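*Asks:* here's a sequence, model it:
(6 chains)
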4 protein chains.
Amino acid sequence: MISLFIQIQFDSDTPIYEQLKQQLIIGMAQQRLLPGERLPSVRELASDLGINMHTVNKAYKQLEEEGFLQIHRQRGAIVSPKGPGKADEAYLKKIEEKLRPLIAEASLRQVDQENLEGIVRRIYRELGGER
Amino acid sequence: MISLFIQIQFDSDTPIYEQLKQQLIIGMAQQRLLPGERLPSVRELASDLGINMHTVNKAYKQLEEEGFLQIHRQRGAIVSPKGPGKADEAYLKKIEEKLRPLIAEASLRQVDQENLEGIVRRIYRELGGER
Amino acid sequence: MISLFIQIQFDSDTPIYEQLKQQLIIGMAQQRLLPGERLPSVRELASDLGINMHTVNKAYKQLEEEGFLQIHRQRGAIVSPKGPGKADEAYLKKIEEKLRPLIAEASLRQVDQENLEGIVRRIYRELGGER
Amino acid sequence: MISLFIQIQFDSDTPIYEQLKQQLIIGMAQQRLLPGERLPSVRELASDLGINMHTVNKAYKQLEEEGFLQIHRQRGAIVSPKGPGKADEAYLKKIEEKLRPLIAEASLRQVDQENLEGIVRRIYRELGGER
DNA sequence: GTGGTCTAGACCACA
DNA sequence: GTGGTCTAGACCACG
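*Replies:* Residues are numbered from 1 along each chain as shown, chains lettered A, B, ... in the order given. Just a heads-up that it's a prediction; the model follows:
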């Protein structure tokens, strides 16, 4: 049951479809969702999570666009066997642009490089450790 | 001239007020903006950047709420002399929640922990090196 | 009035959003729609064409994704000043895959290469000639 | 073995029955399938390609309607000895309607008339050259 | 006033 | 039974 580990925060300012995308990606990184594995149908997952079909559909479509999923008209969605593309220059640039303001604020709040790397290490460990 | 180092991307999907907040915070981290320093008036900055006054106002207001600025009726906005609060548990939690999906995607794209820490280190260096 | 030259066939088996995409692209090729030009808002065009806002939105979003448009939250959609990317190998491959079955049928129906090239020339001329 | 040259892409967004139709037509254009030649039974082709019988049946039925095949209760399907009808005005109109959006996009992507005619020529040559 | 998001419900093509 | 498409109507963020 995939919906067991997905938690939507309805009061968040992160859109529901975005939360869903993030948690599916986290599930893949944790290998709770394996390449080739079938995901619930849009209607099924929507019903399990108490959200609308179209919201799930939007998340699935975007994940397909980004190479994480394959969507087949009849068989539904499966985790892409090949995974998303390997990081390229553009992706690394994008990730840096996301990190910069986050780190700027952290450093003003006296979180130094060692602290932050500790957090990063913990997340990497946690992602690898759920299998 | 503060507006010299602020660059708004009008075609970004990050709201302008959010870009402005981020760049002001980056400016503080780089110590281009020093504690106690006076910021341009809402009207002036808006005009320099070619954006709406309301947008600058919103950014200033939120930065004040978060402890980065102080706004006085007469003197305008100044960089908070004490800086924002030191990171507490809630803040560290929040930062971790932001990092998790980002790192999950990165790891699926074969960016390993060393790569990512390299990027983090580079950003810390860059923030410290502009003074 | 952009909607003057757009004609939706409601009984077609080509989806409405796809017809809309195609006609907007044709409009750009004919230079009826110029780089930087503002398109009608999704609600306005939807109302003009007698279709739903979301259908127009889907067409706009996909055209943005493909580099034909830029969408700004407040200013609406404009024709991308730089245009879509120049044809690359992948695009030429795709176009060939679309042409092959079409040409196979045509040749069985005794449309020879000269006939077909005549049609192609006519379309090129027509696209260039509406300015 | 007809199924030797038919390749179904299960992850395509072109329906399987449509892919099948197209490849059979291409086979006829290449004269791999000759007028009067008997096609595999629905059951046999479905099994060879690993697809549903209904899907093959749909493709055969539509090809019959369009004049490419004849279906006899006993003998099964044969390639129409007379071929499909010669192109008439309506058909030429239809082909033009299919080409226009394709060419419009190509021209925006800086594929000029010569480039495109080169592709058309190549496909004609390839269709004629497989006999 | 603009697009972004979400919900609801419907019909259809596909296999 | 699956996703694809379309409609309708609503609230919100943004500037």
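*Asks:* backbone phi and psi for residue A:69, please?
*Replies:* In terms of degrees, to the nearest 10, the main-chain angles of residue A:69 are phi -130, psi 160.
*Asks:* okay, and the beta partners of it?
*Replies:* residue A:79 (DSSP bridges).
*Asks:* chain D contacts on chain A?
*Replies:* Counting by CB under 8 Å from any CB of the partner chain, chain A comes close to chain D at A:70, A:72-73. Just so you know, the C-beta spots here come from the backbone N, C-alpha and C atoms, and that holds for glycine as well.
*Asks:* relative to DNA strand F, which of the residues you listed is nearest.
*Replies:* residue A:73 (5.0 Å; CB to the nearest atom of the strand).
*Asks:* ok, back up a step: please pick the buried ones from the residues of chain A next to chain D.
*Replies:* residue A:70 (16 or more other CB atoms under 10 Å in any protein chain shown).
*Asks:* could you check the top helix by length along chain A and say which residues are buried?
*Replies:* Taking DSSP state H as the criterion, chain A has its longest helix at helix A:89-108. Using 16+ other CB under 10 Å as the test for burial, helix A:89-108 gives A:91-92, A:95, A:99-108.
*Asks:* what's the closest of those to residue D:29?
*Replies:* Nearest to residue D:29 among the buried residues of helix A:89-108, counting by CB to CB, is residue A:91 at 42.8 Å.
*Asks:* doesn't residue B:115 make contact with that closest one?
*Replies:* No: shown here, residue A:91 and residue B:115 do not form a contact pair, counting by CB atoms under 8 Å, at 11.3 Å.
*Asks:* am I right that residue A:10 is in a strand?
*Replies:* No: going by DSSP: H, G, I helix; E, B strand; the rest coil, the assignment for residue A:10 is coil, not a strand.
*Asks:* quickly list the domain ranges of chain A.
*Replies:* A:2-79, A:89-128 (automatic domain parsing).
*Asks:* near DNA strand E, which residues of chain A show up?
*Replies:* Contact residues (CB under 7 Å from any atom of the strand) of chain A with DNA strand E: A:15-18, A:51-55, A:58, A:73-74.
*Asks:* rewinding a little: could you tell me the angle between the longest helix of chain A and helix B:89-108?
*Replies:* 160 degrees (axes from the mean of the first three to the mean of the last three CA atoms, to 10 degrees).
*Asks:* for the buried residues of helix A:89-108, give me TSV that also has pLDDT.
*Replies:* Below are these laid out as TSV (pLDDT from 0 to 100):
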residue	pLDDT
A:91	96
A:92	97
A:95	97
A:99	97
A:100	97
A:101	97
A:102	97
A:103	97
A:104	97
A:105	97
A:106	97
A:107	96
A:108	96
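*Asks:* follow-up on the earlier one: closest to residue C:36 out of the domains of chain A?
*Replies:* Judging the domains of chain A by CB to CB, what sits closest to residue C:36 is domain A:89-128, at 24.9 Å.
*Asks:* ok so, going back, out of the residues of chain A next to chain D, which is nearest to chain D?
*Replies:* residue A:70 (5.9 Å; CB to the nearest CB).
*Asks:* for that closest one, what are its contacts?
*Replies:* Residues near residue A:70 by CB atoms under 8 Å, 6 or more residues apart in numbering or on different chains: A:64, A:77-78, A:80-81, D:11.
*Asks:* among the residues you listed, which one sits closest to DNA strand E?
*Replies:* residue D:11 (10.9 Å).
*Asks:* I'd like to know which of the domains of chain A is closest to residue C:2.
*Replies:* domain A:2-79 (27.2 Å).
*Asks:* can you check the pLDDT for residue A:131?
*Replies:* Residue A:131 is assigned a predicted lDDT (pLDDT) of 53.
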